[in-house]
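S.K.: Need the 3D shape of this:
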Amino acid sequence: MRFVDMHEDFAFSAQKNDVVSSSQQSSLNALREFEECLVFGSIFPHIGTINERSEYLTKMYGSYTGSTAVSVDVMLEQFKLYDFFSRRHDVGIVKNAPDLLKGGVKFLLSLEGTDVLRDPYDVFLLNDLGLRCIGLTWNYDTKFAASCMSKKDYGLTGFGSEVVDIANSLGIIVDVCSVSSRPVLVSHGNAKGLHDHPRNIDDVCLDAIASTKGVVGVTAIVQTLGGSKDINSLVEHAKYISSSVGWEHVGLGTDFLGISEVPSGFENIGRMQALSSLLGENSEMVLWSNPIRVIAANLRG
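M.R.: Numbering: from 1, shown residues only. Below you'll find the predicted structure:
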């Protein structure tokens with residue numbers, strides 16, 4: 001089978017774990033078991049700290065989360081990791097539309113949060129390093145945009161609008177429910193209408209994403225699932241989004257290698273076939289054609 005996973009934390013996990021051959025949530029060798037796959041490889045340049053913000057995140061996710069400071073050095077090391085994968089492990093890095101036609105394992109590099117950017121024009125430099133997707137926020141506000149945790153939802157700032165404009169001009173996908181001239185995506189989030197969690201997407205945002213012909217990637221973050229917190233809960237979020245805006249706006253972003261707890265029945269990337277079976281006739285759309293449509297609409301030729 002083939003699939004697109006719109007969020008895996010390979011670079012973050014590689015700081016402490018074997019992401020090439022281990023049997024954890026995902027690895028290069030596990031991905032090679034599939035006919036074809038495209039994974040959004042996250043650039044998550046956060047370092048561990050203990051402060052009020054990390055305490056709040058810990059309460060929200062149920063496990064210690066101290067990644068509240070950013071580092072340009074860490075960001076560059078994570079870019080280098082994916083470059084190493086490409087050179088030493090025969091992994092493709094998607095930089096333009098023709099790259100989508102190549103088989104095997106492919107990564108599309110995605111920045112999780114803009115807090116590491118000094119100004120909007122850093123996006124030009126990151127584009128040259130291979131960045132092709134940018135999320136404006138992680139779990140807290142930046143000078144570019146308000147986050148899901150914001151006490152005051154101020155949306156995009158002037159700088160944030162400039163980041164979106166630059167991203168659009170370069171063919172970089174915008175990962176957020178915000179203003180963009182091209183199809184946007186939410187790489188990993190579930191439906192707030194099914195489970196009220198700050199990370200989840202409300203119906204207004206679902207409509208906004210659909211209006212751009214974008215996609216929402218349902219995610220394996222158990223705190224966002226509600227219900228039985230298993231593979232069936234994940235499918236229920238996909239069904240909710242489809243009933244709201246249509247199956248053509250549903251995708252998958254597991255957050256594997258970035259989560260400490262996994263849904264029962266969907267413990268690792270090897271369970272992708274089980275998820276496909278539960279999605280039934282909509283599986284090809286959710287796991288492949290929907291995200292490919294958004295990617296192709298953004299990338300340069």
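
S.K.: Grab the longest helix from the protein for me.
M.R.: Ranked by residue count and defined by DSSP state H, the top helix of the chain is helix 72-88.

S.K.: what sits up against that helix?
M.R.: 10-12, 14, 28, 41, 43-47, 91-93, 107, 109, 111, 116, 129-130 (CB atoms under 8 Å, 6 or more residues apart in numbering). Where C-beta positions appear, they are placed from N, C-alpha and C, glycine not excepted.

S.K.: May I see the buried residues of it?
M.R.: 74-75, 78-79, 81-82, 85 (16 or more other CB atoms under 10 Å).

S.K.: and the helix or strand that that helix is followed by, which strands flank it?
M.R.: Sequence-wise, the next helix or strand downstream of helix 72-88 (DSSP states H and E) is strand 92-93. Sheet pairing of strand 92-93 (DSSP bridges) gives strand 104-112 (parallel).

S.K.: What is the subsequent helix or strand relative to the partner strand?
M.R.: Downstream of strand 104-112, the first helix or strand assigned by DSSP H and E is helix 122-128.

S.K.: List the buried residues in that following helix.
M.R.: 122-123, 126-127.

S.K.: Report the backbone C-alpha coordinates of stretch 232-245 in PDB.
M.R.: Output of stretch 232-245 as PDB, limited to C-alpha atoms (Å, rounded to 0.1, in the frame of the first residue of the first chain):
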ATOM      1  CA  ASN A 232     -11.700   3.400  16.200                       C
ATOM      2  CA  SER A 233     -11.600   6.800  17.800                       C
ATOM      3  CA  LEU A 234      -9.200   8.000  15.100                       C
ATOM      4  CA  VAL A 235     -11.600   6.800  12.400                       C
ATOM      5  CA  GLU A 236     -14.500   8.600  14.200                       C
ATOM      6  CA  HIS A 237     -12.600  11.900  13.900                       C
ATOM      7  CA  ALA A 238     -12.100  11.200  10.200                       C
ATOM      8  CA  LYS A 239     -15.800  10.500   9.800                       C
ATOM      9  CA  TYR A 240     -16.800  13.600  11.700                       C
ATOM     10  CA  ILE A 241     -14.600  15.800   9.400                       C
ATOM     11  CA  SER A 242     -16.000  14.100   6.400                       C
ATOM     12  CA  SER A 243     -19.600  14.700   7.500                       C
ATOM     13  CA  SER A 244     -18.800  18.400   8.000                       C
ATOM     14  CA  VAL A 245     -16.800  19.200   4.900                       C
END
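
S.K.: what about it, distance to the chain center?
M.R.: 18 Å (CA atoms, centre = their mean, to the nearest Å).

S.K.: Name the residues that touch that stretch?
M.R.: 190-191, 193-195, 203, 206-207, 209-210, 216, 218-220, 225-227, 249-250, 263, 265-266, 275, 278-279, 282, 286.

S.K.: out of those, which are inside strands?
M.R.: Per DSSP state E, strands hold the following members of the contacts of stretch 232-245: 216, 218, 250.

S.K.: which of those residues has the most neighbours?
M.R.: Using other CB atoms under 10 Å as the neighbour test, those are led by V216, with 33 neighbours.

S.K.: Now do the nearest residue to E36 once chain neighbours are set aside against D9, distance only.
M.R.: Nearest residue to E36, sequence neighbours excluded (CB to CB, 6 or more residues apart in numbering): R2, at 4.0 Å. For R2, the distance to D9 equals 21 Å [CB to CB, to the nearest Å].

S.K.: Then N29?
M.R.: Applying CB to CB to N29 and D9 gives a distance of 17 Å.

S.K.: The two: which is more packed in?
M.R.: Shown here are N29 and D9; by other CB under 10 Å, D9 has more neighbours (23 against 15).
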